[in-house]
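Novice: show me how the following folds:
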Amino acid sequence: MLFTSHAIVGAAVGAAAGNPLYGFLGGIASHHVLDAIPHFDQGSFAVKKEGAQYLGQKAEYAERHFTDRDWAILFADVALTALISGALLWTLPFEYLLLAFAGMLGGLLPDFVDSSPLWSKKLRAAVGAVAAYHAFHAFFHWTVSLRRFWLGIATQVAAVGFALLFLFDL
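Specialist: Residues are numbered from 1 along each chain as shown. Got it, this is the predicted structure:
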């Protein structure tokens, strides 16, 4: 999933948790739940065979490097995340700010550690626990191919939409 989906759903989970620690942990859990849903992300450009390991399928990806297109998607996603998150944090009742922020951080942490084009491969090679976490993260991941791009976007729009409805109703 894109950062926007993880951040906004994480914020909703954090606000619902009622406790910053539980919100943070719930954000991490929500990350894996969202990744288990068919979705679009930069990996969609490399998917040769899609599927989720948790369903007994094995996704296959073409070997590739982070491209200019990937950077453009990443920066647009981060900008959208910042815009929506800023609006949320500006409009949420004060008592929910820390909760939503903790959930956002938890929702983003797995990709920050395991999917950064700048350090994740080096971190996996250097730290065994991060390599083990990568296997766990990949187990729940279901990136769709470009031919099912519409599905991968629709699932994220729905997740963000429901999270925003919940958050704006607080």
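Novice: show me the contacts for Asp111.
Specialist: Shown in contact with Asp111 (C-beta atoms under 8 Å, 6 or more residues apart in numbering): 3, 6, 31. In this view, the C-beta of every residue, glycine as well, is placed from N, C-alpha and C.
Novice: that should have said Leu164, apologies.
Specialist: Leu164 neighbours (C-beta under 8 Å, 6+ apart): 8, 12, 84, 88.
Novice: are any of those residues buried, and which?
Specialist: The neighbour count (16 or more other C-beta atoms under 10 Å) marks 8, 12, 84, 88 as buried among the contacts of Leu164.
Novice: who does the strand or helix carrying Leu83 touch, helix- and strand-wise?
Specialist: Assigned by DSSP states H and E, Leu83 falls within helix 68-91. If you count contacts as 3 or more C-beta pairs under 8 Å, 6 or more residues apart in numbering; DSSP states H and E, helix 68-91 packs onto helix 3-17, helix 94-114, helix 149-168.
Novice: what angle separates that helix from helix 94-114?
Specialist: Angle of helix 68-91 versus helix 94-114, following axes from the mean of the first three to the mean of the last three C-alpha atoms, to 10 degrees, is 160 degrees.
Novice: neighbours of the nearest residue to Leu80 once chain neighbours are set aside, just the number please.
Specialist: Nearest residue to Leu80, sequence neighbours excluded (C-beta to C-beta, 6 or more residues apart in numbering): Thr4, at 5.0 Å. For Thr4, the neighbour count with other C-beta atoms under 10 Å is 22.
Novice: so Thr4 makes contact with Ala79?
Specialist: No. Under the criterion of C-beta atoms under 8 Å, Thr4 is not in contact with Ala79, lying 9.4 Å apart.
Novice: quick one on the thing from earlier: tell me which of the helices and strands packed on helix 68-91 is the most buried.
Specialist: Comparing those by mean neighbour count (mean count of other C-beta atoms under 10 Å), helix 3-17 ranks first with a mean of 27.
Novice: give the other helices and strands that that one contacts.
Specialist: Helix 3-17 packs on helix 20-35, helix 68-91, helix 94-114, helix 149-168, going by 3+ C-beta pairs under 8 Å, 6+ apart.
Novice: of those helices, which approaches Leu123 most closely?
Specialist: Comparing those by their distance to Leu123 (C-beta to C-beta), the top pick is helix 94-114, with 7.1 Å.
Novice: got a pLDDT number for Pro117?
Specialist: pLDDT, Pro117: 85.
Novice: check the one 3 residues further on too.
Specialist: Ser120 is assigned a pLDDT of 89 by the prediction.
Novice: fine by me, we can end here.
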